[in-house]
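S.K.: Quick one, what's the 3D model for this:
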Amino acid sequence: MEELDFITVLPWFIMAYLLGAIPFGLLFSRWLSGVDPREHGSGNIGATNAMRAGGKRVGALTLIADITKGAIPVGLSVLLHASDLLILLLALSAFLGHIFPVYLNFKGGKGVATMYGVLLPWLPWVAVGSFVIWFVVYKVSRYVSLASIIAGLVLLPFAYLVGASEVTMVGVTLLGLIMVGRHWENIKRLLAGEEPKTA
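M.R.: So this is what the prediction gives:
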């Protein structure tokens, strides 16, 4: 894809944001279990809290949907051979849509699943490496939040190892830091020894 001017690509960013903003955790929870995840646990609409509120089926469907909504716009841009900058901006649009969804007064999830969604078609080995770290940390600690935080922090080293461009490394750093920032309350509870573990 050739470089496009801002007016031409703006609809792409808007569509990626609106897709990313779809609150699948809330939709699946209400549809399948009749509960609102915002009224349970952490109050988050992401897969982990959706599972706590509505059960494993709700959690699994939310996880798949949140990954997919990030993968679609980025995957299309990769297939069309967009520039690294355009891919990055589309990734951020979908990712920020999940975190700040217009449909829910900009109160969304923490972005872990959608982060992996944008990474899979863009930087698959970075996504795989980060997930392996997530899995190991979770299995050892039983803290979903700690696993997610560390997984976000290792994005940049993995991007460097696969030879990503400077623009791409800036992009994955932003994704990781924003996601880690969304876990600020979890970080405080971890430091205080008050963060709940997953059985």
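
S.K.: quick one, helices of this protein?
M.R.: For the chain, helices defined by DSSP state H occupy the ranges 6-20, 24-33, 47-54, 56-79, 84-99, 112-122, 124-141, 144-153, 155-161, 166-181, 184-192.

S.K.: The second one vs helix 112-122, what angle?
M.R.: The one in question is helix 24-33. Interaxial angle, helix 24-33 versus helix 112-122 (axes from the mean of the first three to the mean of the last three Cα atoms, to 10 degrees): 120 degrees.

S.K.: of the helices of the chain, which approaches His40 most closely?
M.R.: Closest of the helices of the chain to His40 is helix 47-54, at 3.9 Å (criterion: Cβ to Cβ). (Glycine included, C-beta is placed from N, CA and C.)

S.K.: Against which helices or strands is the closest one packed?
M.R.: With contacts defined as 3 or more Cβ pairs under 8 Å, 6 or more residues apart in numbering; DSSP states H and E, helix 47-54 has these neighbours: helix 24-33, helix 56-79.

S.K.: on that earlier part again, would you turn the helices of the chain into CSV with distance to Thr198, mean neighbour count and mean pLDDT?
M.R.: Formatted as CSV, these follow (distance: least, Cβ to Cβ, whole Å; neighbours: other Cβ atoms under 10 Å; pLDDT from 0 to 100):
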stretch, distance to Thr198, mean neighbour count, mean pLDDT
helix 6-20, 25, 16, 89
helix 24-33, 17, 20, 92
helix 47-54, 8, 25, 86
helix 56-79, 11, 20, 95
helix 84-99, 21, 23, 95
helix 112-122, 14, 26, 97
helix 124-141, 8, 17, 97
helix 144-153, 6, 23, 96
helix 155-161, 23, 19, 97
helix 166-181, 18, 19, 96
helix 184-192, 12, 13, 94
